[in-house]
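Participant: Give me a 3D structure for the following:
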Amino acid sequence: MSSTHPTSHTSHSPVATKASSGNRKAVAGIIAAIVVLVGGYYGIHHLQFTLSHEQTDDAQIENDISPVLPRISGYVTEVLVKDNQPVEAGQTLVEIDAREPNLKVEAATEAVGAARAALATANASLMNAKAVAAVAKANIATASVTEQKTASDFARDQNLAATHAITERQLSDSKANSELAKASFEAASRQAEAAFTQIAVVSSQVKQALAVVRQRESDLNYAQLELSYTKITAPIAGVVSHKALEPGQYVQSGQTLMSVASRNNAWVIANFKETQVAHMRAGQDAEFVVDGYSGKIFHGKVDSISGATGARFALLPPDNASGNFVKVTQRVPVKIIMTDAIDPDHPLRAGMSVDAAVLVNQ
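Facilitator: Here you go, the predicted model:
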């Protein structure tokens with residue numbers, strides 16, 4: 001006896017297929033609506049941003065970069081820093097051979113000592129001259145008294161001689177005494193004049209000696225200043241960059257040995273088209289992004305706007321009066337300073353590329 005089994009197979013009904021297709025369309029519609037809404041939101045936001053801001057990608061970070069220059073020539077004995085090393089202002093970076101400047105300081109010190117000794121001698125001579133002048137002045141006073149007394153005695157003796165009260169010899173002696181006292185007074189006066197003249201001469205020598213002392217002290221100060229130049233220090237706090245010397249190298253005064261780039265004073269120079277700066281003013285808010293830090297927005301404000309286009313400062317600025325004129329939209333440098341606190345995780349280095357935007361509708 002045979003039995004028949006029904007064949008089993010899966011089949012989808014038209015109703016189920018139609019329902020599934022409807023669900024997919026609903027989901028797709030919802031997703032499309034969300035995309036449209038999000039796109040519309042960001043589109044409107046971007047449009048508002050574009051209408052209220054002027055933007056440029058022709059911008060870069062600028063920073064204080066101070067060259068390290070020797071003030072004297074000489075051989076480098078020691079280089080105390082490496083490339084990209086942080087340094088503080090006043091920190092010693094390079095030392096130059098100090099033996100010759102030391103000898104100059106020693107010679108100048110000896111010269112100062114000799115000049116001061118000469119000044120001391122001149123001062124002593126002045127004191128002696130003043131003492132001699134004082135004695136001469138006293139001698140004048142004594143001689144004056146003696147001269148007056150002998151003159152009075154001679155006048156009296158003349159009256160006595162007229163009455164024969166004294167002898168001719170006594171009168172002659174009285175006259176001689178008077179004339180001798182007068183001569184002594186004149187001699188004392190001449191000596192006093194010479195003493196005071198000597199004071200003037202020695203005073204001049206003292207002034208000259210004092211001038212020599214000051215000159216020698218100035219030479220000593222200069223020698224000490226040159227000695228201090230053998231230690232080359234960092235002009236600002238920052239990072240050592242572009243170091244170009246090694247120990248044993250001979251350097252010339254004014255030669256660039258390295259640079260120090262500041263870590264704390266960065267700003268942006270944004271070169272806006274001349275058609276974008278009509279409503280731009282100092283103090284307007286700004287923001288920028290740096291290519292090296294994707295997604296990080298920095299905030300600032302317009303500090304100043306250049307008084308000329310960048311082309312005016314080129315090595316060979318264009319001269320439209322020379323012919324072959326082609327009108328080109330020029331760019332005007334705008335300085336943007338930071339208003340955010342310094343972020344050590346996002347250091348701004350000179351030369352980094354920037355996209356900048358300035359809020360002009362304020």
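Participant: Tell me where the stretch 1-150 of the chain has helices.
Facilitator: For the stretch 1-150 of the chain, the helices identified by DSSP state H, counting those that start in this stretch occupy 14-52, 99-162, in order along the chain.
Participant: Mean pLDDT lowest where, among the ones you listed?
Facilitator: Here the helices of the stretch 1-150 of the chain differ in mean pLDDT, and the lowest is helix 14-52 at a mean of 68.
Participant: about what we covered before: looking at the helices of the stretch 1-150 of the chain, which is nearest to residue 266?
Facilitator: Distance to residue 266, taken as Cβ to Cβ, is lowest for helix 14-52 among the helices of the stretch 1-150 of the chain, at 24.2 Å. C-beta coordinates here come from the backbone N, C-alpha and C atoms, glycine included.
Participant: For the closest residue to residue 189 other than its chain neighbours, grab the count of nearby residues.
Facilitator: Computed as Cβ to Cβ, 6 or more residues apart in numbering, the closest residue to residue 189 that is not its neighbour in sequence is residue 140, at 5.8 Å. The number of residues packed around residue 140, counting by other Cβ atoms under 10 Å, is 20.
Participant: can you redo the helices of the stretch 1-150 of the chain as a markdown table with distance to residue 236?
Facilitator: Formatted as a markdown table, the helices of the stretch 1-150 of the chain follow (distance: least, Cβ to Cβ, whole Å):
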| stretch | distance to residue 236 |
| --- | --- |
| helix 14-52 | 37 |
| helix 99-162 | 25 |
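Participant: wait, doesn't the residue nearest to residue 189 sit right on residue 187?
Facilitator: No - between residue 140 and residue 187 there is no contact, the gap being 9.7 Å when judged by Cβ atoms under 8 Å.
Participant: Where do the helices of the stretch 151-300 of the chain begin and end?
Facilitator: In the stretch 151-300 of the chain, helices defined by DSSP H, counting those that start in this stretch lie at 168-228, listed in chain order.
Participant: Run through it and note the low-pLDDT ranges.
Facilitator: Using pLDDT under 70 as the threshold, the predicted model of the stretch 151-300 of the chain has low-confidence ranges 154, 157, 171.
Participant: Phi, psi for residue 279 please.
Facilitator: Phi and psi for residue 279, reported as degrees, to the nearest 10, are phi -110, psi 20.
Participant: Need the nearest residue in space to it, chain neighbours excluded.
Facilitator: With sequence-adjacent residues excluded and distances taken as Cβ to Cβ, 6+ apart, residue 279 is closest to residue 360, at 4.4 Å.
Participant: mind listing what that neighbour touches?
Facilitator: Applying Cβ atoms under 8 Å, 6 or more residues apart in numbering to residue 360 gives the contacts 52, 53, 54, 279, 280, 284.
Participant: List only those of these flagged as buried.
Facilitator: 53, 54, 280, 284 (16 or more other Cβ atoms under 10 Å).
Participant: Pipe the residues you listed into CSV and attach distance to residue 30 per row.
Facilitator: Putting the buried ones among the contacts of residue 360 into CSV (distance: Cβ to Cβ, whole Å) gives the following:
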residue, distance to residue 30
53, 34
54, 39
280, 44
284, 42
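Participant: Name the nearest of the residues you listed relative to residue 120.
Facilitator: The shortest separation between residue 120 and any of those is 70.4 Å, and it belongs to residue 284 (by Cβ to Cβ).
Participant: Surely residue 357 and residue 55 touch.
Facilitator: Yes - the pair residue 357 and residue 55 passes the contact test of Cβ under 8 Å, sitting 4.5 Å apart.
Participant: which residue sits closest to the residue most central in space within the chain in space, ignoring its chain neighbours?
Facilitator: Nearest to the mean C-alpha position of the chain, by Cα atoms, centre = their mean, lies residue 235 at 8.4 Å. In this structure, residue 235 finds its nearest non-sequential neighbour in residue 66, 4.3 Å apart by Cβ to Cβ, 6+ apart.
Participant: Residue 230: neighbouring residues, count only.
Facilitator: If you count neighbours by other Cβ under 10 Å, residue 230 ends up with 20.
Participant: need the contact list for it.
Facilitator: Applying Cβ under 8 Å, 6+ apart, we find residue 230 in contact with 72, 74, 95, 96, 97, 98, 101.
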